[in-house]
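Undergrad: Give me coordinates for this.
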Amino acid sequence: MSDIRMFEDRQDAGRRLASLLEHYRDANAVVLAIPRGGVEVGYQVAVRLRAELDILVARKLPFPGNPEAGFGAVAEDGSTYIADYAARWFPPALVSRIVAEQRQESARRVNVLRGGRPLPPLEGRVVILVDDGLATGATMRAAIMLCRRRGAARIVVAVPVAGEDVVREMDALADEVVVVLTPPGFRAVAQVYRHWYDVGDEEVLAILDRWRSEQQKRGADAGRS
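TA: As a prediction, this is how the structure comes out:
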């Protein structure tokens, strides 16, 4: 029996997360997964809820010289969150350059991962934002900003793991926050996964292709019934 404090992998995490979101089953919700790690989790949620699945690109704003850490994030539409301390630590010109670089990278990822397609309509809908976990929550903040600007009726932040402080921050920004685990001493998303690896673009595309194929088959089966 697996340790309830850990996930086997992102598939396991997605299934366990989906079980907490049953109240949105058949609710015409749209699951927006944040690539790349959030896409397998989002797939499991969308299948369970019979919801629409797509990706929302949001990029961390990396510290100069330390790309693993970030001081904010930018979403694909330009919605930008910058931590308060950034203004004290970095000159405005440097912040502007990093934002511009990550906006350019966001546009590239939209082209690669979504074929340049626009996001599905969000106005008046339940939007479930999914990632494989929240460390600082910066990219999720930018994603929430985008969804607010697009007129989403209800924004649900849904992740397998997050720290208690970040959950409280998300509670103030989203309409609902659903988290499977909030372990004490939480520092990094990878620490609660037995099998952790970096997800590539090819895997993201394969997951999205799988979902589309399943939707087409379901539609064909419904037409024959």
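Undergrad: Provide the backbone phi and psi angles at F90.
TA: With angles defined as degrees, to the nearest 10, F90 sits at phi -130, psi 140.
Undergrad: same deal with V178?
TA: phi -120, psi 120.
Undergrad: quick one, what contacts it?
TA: By CB atoms under 8 Å, 6 or more residues apart in numbering, the contact set of V178 is L17, L20, L21, V156, V157, A158, V159. Glycine gets a C-beta too; all of them are placed from N, C-alpha and C.
Undergrad: Tell me how many other residues surround R114.
TA: Neighbourhood size, R114 [other CB atoms under 10 Å]: 19.
Undergrad: what does R168 give?
TA: With other CB under 10 Å as criterion, R168 counts 11.
Undergrad: Wait, a strand at P121?
TA: No: P121 is assigned coil when assessed by DSSP: H, G, I helix; E, B strand; the rest coil, not a strand.
Undergrad: Now it. Its backbone dihedrals?
TA: Main-chain dihedrals, P121, degrees, to the nearest 10: phi -60, psi 130.
Undergrad: What of V177?
TA: When quoted as degrees, to the nearest 10, the phi and psi of V177 stand at phi -130, psi 130.
Undergrad: What segments of this protein are strands?
TA: 30-33, 52-55, 58-63, 66-75, 80-82, 126-130, 154-161, 176-181 (DSSP state E).
Undergrad: among these, where is the model least confident on average?
TA: Lowest mean pLDDT within these: strand 66-75, at a mean of 88.
Undergrad: That one versus strand 58-63: what angle between them?
TA: Strand 66-75 runs at 140 degrees relative to strand 58-63, counting by axes from the mean of the first three to the mean of the last three CA atoms, to 10 degrees.
Undergrad: Having no further points to raise, I will conclude here.
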